[in-house]
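S.K.: compute the structure for the input listed below.
(one chain, ligands or ions: 1)
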Amino acid sequence: MKTFEQLGVSEEIRRAIEELGFEQPMPVQKEVIPYLLGNKNDVIALAQTGTGKTAAYGLPVLQKTDAEAKTTQAVILSPTRELCLQIADDLNAFAKYIHGLHIVPVYGGADIVPQIRQLKKGVQVIVATPGRLIDLINRGVAQLDNVRNIVLDEADEMLNMGFSESINAIFEQLPEDHNTLLFSATMSKEIEKIAQQYLHDYKEIVVGSRNEGAEHVNHIYYLVHSKDKYLALKRIVDYYPRIFAIIFCRTKLETQEIADKLIKDGYNAEALHGDLSQQQRDLTMQKFRQHTVQFLVATDVAARGLDVEDLTHVINYGLPDDIESYTHRSGRTGRAGKKGTSISIIHTKEKWKVRQIEKQIGKEFVDGTLPTPEEICKKQLYKTMDDIMKTDIDEEQIAPYMDDINRQFEYLDKEDLIKKMVAVTFGKFLEYYKNAPVIEKPTGKRSDRKDEKGDRKGRVSSGRRSHEAEAGYRRLFINLGKTDGFYPGEIMQFLNHHIHGSKQEVGHIDLLQKFCYIEVPEGDAEKVMNAINGATYKGREVRCNDADEGGHGRSARPKAGAERRIARKEARKGDNGSRGKQARHGREKESWRDLIKDKPFKLKGEIPDFSEEGWARRRPKKK
Ligand code: AMP
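M.R.: Numbers count the residues shown, from 1 in each chain. All right, here's what the predicted structure looks like:
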């Protein structure tokens with residue numbers, strides 16, 4: 001096994017990385033470092049975050065930079081501000097003993113003035129997000145005519161984020177004679193295109209196989225109904241008391257919602273997404289890195305490329321649309337030779353994606369069964385006992401209180417004391433899981449698939465047969481409908497405007513011409529009714545009441561018969577809405593029953609032939 005010295009790494013850099021605990025070069029470093037230390041060598045390296053790629057390009061780039069010259073000699077492009085800061089931190093650590101070498105991160109969303117000030121002092125290495133670098137070039141502050149090395153880190157993500165034009169503009173500023181180093185977790189057509197456009201005689205280095213998932217990561221999926229996703233998440237995180245994880249969500253809204261719910265339920269979680277201010281994001285990342293936050297609930301973009309040590313799990317709260325994102329997500333764990341687990345909480349409709357990912361990463365997912373409440377409680381109990389056993393006692397510190405403590409517990413025997421102690425730390429769990437609802441695994445049958453259709457949040461119903469609310473939800477009537485322009489987006493806005501303090505969760509929405517039904521969690525129903533009853537929407541007074549309680553707010557809610565009539569009228573109007581279809585369907589069924597009511601045959605499990613010939617055959621023959 002070659003050492004860093006044998007790879008050609010300079011003494012001053014070796015000193016710094018030894019202090020960081022780098023003993024042996026990692027595979028990508030063994031391949032990339034000696035090659036980049038040579039001259040005129042372009043490279044395209046397929047390596048995930050966590051493989052040591054920052055040092056793979058960072059060490060040779062720093063070594064080849066002349067610290068005496070005050071010109072910019074290297075540019076490292078990264079897709080996000082967080083990654084940009086992380087790379088700059090890493091490079092600064094590697095360059096600790098190279099005197100006079102200045103590495104500066106510049107990124108969008110932050111005040112440009114301090115960045116200009118720093119660049120004006122003379123900077124040899126700029127780590128930048130593409131948009132901000134262009135801004136600085138346009139202001140004449142960043143000058144790239146002496147750049148010898150340009151690195152595109154997480155190149156695939158930069159392209160996904162639409163930075164290709166900015167990248168082109170940056171390349172136009174570079175001198176002819178420069179090296180291009182392209183690092184990407186996956187090889188896509190777009191990456192190949194960039195490679196052809198900007199790289200010359202490049203060497204392609206693949207760590208592991210192309211597009212392979214991280215080697216040390218296990219992949220598990222849990223199949224649940226969508227309505228049970230959050231409950232399943234809680235079971236999973238409760239089952240791993242020492243979990244330290246990123247929970248990936250698909251949208252900013254979902255990210256914030258899940259983080260809020262977890263916090264409300266007493267978990268140590270924080271959200272990371274683009275709608276938060278830079279300051280909030282920095283603070284969250286700082287807390288997460290220091291392990292003072294246990295769960296980072298994040299969007300793909302916000303958490304892209306982040307190197308957080310010791311993540312035990314990555315949790316996919318639903319699968320991402322593209323396989324590349326899954327590769328990036330799961331690559332956050334199982335780093336530096338450690339084991340990690342990527343858990344996906346999915347519903348039946350996402351199962352095909354699992355198969356696709358399996359094919360791509362060449363690994364099989366385990367079809368997981370959610371832990372039972374008993375199993376979870378046992379795990380938590382062991383953790384509590386373990387914590388007690390491992391707690392060091394500072395005798396000196398506790399001594400002044402011992403008399404009081406002994407007096408207080410004088411009449412308790414050891415067993416009772418232990419029980420009470422465990423109940424204090426563990427009681428919350430026992431209480432919650434005593435009445436924990438059953439989470440059923442979908443069978444994949446039609447009824448389940450129908451459930452999935454209806455389980456999405458804020459979704460407009462395509463015509464449910466039953467008017468019953470989903471378990472845990474209450475169905476509310478509101479006297480506003482399509483004619484009022486009261487569509488799902490408006491409904492959500494209206495609710496959130498009138499219900500202060502939190503975002504209202506909404507299940508099914510049945511939207512009709514003149515009114516609508518919404519489903520809200522049982523516990524929120526009264527709050528919602530109180531908040532919007534009597535409010536005005538576009539000049540109309542709003543009435544909202546429990547759809548199943550005919551008496552309440554009767555004046556606002558059409559009676560069952562009237563409701564049917566309105567629905568039929570809508571169907572006749574040719575309303576393409578689902579409810580119209582439902583009403584038509586209802587009518588057909590009624591007339592079908594009428595048709596067979598008094599007919600001289602009985603249904604025996606087979607469907608009768610209603611064609612002309614069928615009727616003719618069944619018509620009693622005249623003698
Ligand atoms: P990266 O893929 O650059 O995000 O690196 C992943 C992690 O591995 C970082 O925390 C690095 O500090 C660490 N690392 C990189 N190279 C080595 C090495 N040769 N030995 C030990 N740790 C390393």
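S.K.: quick check: bridge partners of the spatially closest residue to residue 313 that is not a sequence neighbour?
M.R.: Leaving aside its chain neighbours, residue 313 sits nearest to residue 245 (4.0 Å; criterion: C-beta to C-beta, 6 or more residues apart in numbering). For the C-beta atoms, the positions are set from N, CA and C on the backbone; glycine is no exception. Following DSSP bridges, residue 245 is listed with bridge partners residue 295, residue 313.
S.K.: for residue 245, give me its contacts.
M.R.: Contact analysis of residue 245 by C-beta atoms under 8 Å, 6 or more residues apart in numbering lists 237, 294, 295, 296, 311, 312, 313, 314, 315, 333.
S.K.: can you rerun that using 6 Å?
M.R.: Shown in contact with residue 245 (C-beta atoms under 6 Å, 6 or more residues apart in numbering): 295, 313, 315.
S.K.: can you tell me which of those residues is nearest the ligand?
M.R.: Using C-beta to the nearest ligand atom, residue 313 is the member of the contacts of residue 245 that lies nearest the ligand, at 17.6 Å.
S.K.: the closest one and residue 82, how far apart?
M.R.: 20 Å (C-beta to C-beta, to the nearest Å).
S.K.: output stretch 179-188 in PDB with nothing but the alpha carbons.
M.R.: Only the C-alpha atoms of stretch 179-188 are listed here, as PDB (Å, rounded to 0.1, in the frame of the first residue of the first chain):
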ATOM      1  CA  ASN A 179      -6.300  21.600 -16.200                       C
ATOM      2  CA  THR A 180      -9.900  20.600 -15.700                       C
ATOM      3  CA  LEU A 181     -10.900  18.200 -12.900                       C
ATOM      4  CA  LEU A 182     -14.400  16.900 -12.900                       C
ATOM      5  CA  PHE A 183     -15.800  15.100  -9.900                       C
ATOM      6  CA  SER A 184     -19.200  13.500 -10.000                       C
ATOM      7  CA  ALA A 185     -21.100  10.900  -8.100                       C
ATOM      8  CA  THR A 186     -22.800   9.600 -11.200                       C
ATOM      9  CA  MET A 187     -22.000   9.500 -14.900                       C
ATOM     10  CA  SER A 188     -24.800  11.000 -17.000                       C
END
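S.K.: that one close to the ligand?
M.R.: No - against the ligand, stretch 179-188 shows no contacts by C-beta under 6 Å from any ligand atom, the least distance being 9.2 Å.
S.K.: what's the distance between that stretch and the middle of its chain?
M.R.: Offset of stretch 179-188 from its chain centre (C-alpha atoms, centre = their mean, to the nearest Å): 25 Å.
S.K.: for stretch 65-80, same thing?
M.R.: So, by C-alpha atoms, centre = their mean, the centroid of stretch 65-80 is 33 Å from its chain's centroid.
S.K.: end to end on it, go ahead and measure it.
M.R.: 24 Å (C-alpha to C-alpha, to the nearest Å).
S.K.: how near is the closest residue to residue 527 other than its chain neighbours to residue 535?
M.R.: Counting by C-beta to C-beta, 6+ apart, residue 527 lies nearest to residue 499, which is 6.5 Å off, once chain neighbours are set aside. For residue 499, the distance to residue 535 equals 11 Å [C-beta to C-beta].
S.K.: so for those two, which residue has more residues nearby?
M.R.: Neighbours were counted for residue 499 and for residue 535 using other C-beta atoms under 10 Å; residue 499 has more, 17 against 14.
S.K.: domain parsing for the chain?
M.R.: Domain assignment for the chain, taken from automatic domain parsing, gives 11-206, 217-370, 374-434, 466-623.
S.K.: would you mind putting those into a markdown table with mean pLDDT alongside?
M.R.: Output for the domains of the chain, formatted as a markdown table (pLDDT from 0 to 100):
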| stretch | mean pLDDT |
| --- | --- |
| domain 11-206 | 90 |
| domain 217-370 | 87 |
| domain 374-434 | 85 |
| domain 466-623 | 65 |
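S.K.: could I get these as TSV with distance to residue 4?
M.R.: Formatted as TSV, the domains of the chain follow (distance: least, C-beta to C-beta, whole Å):
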stretch	distance to residue 4
domain 11-206	5
domain 217-370	16
domain 374-434	37
domain 466-623	51
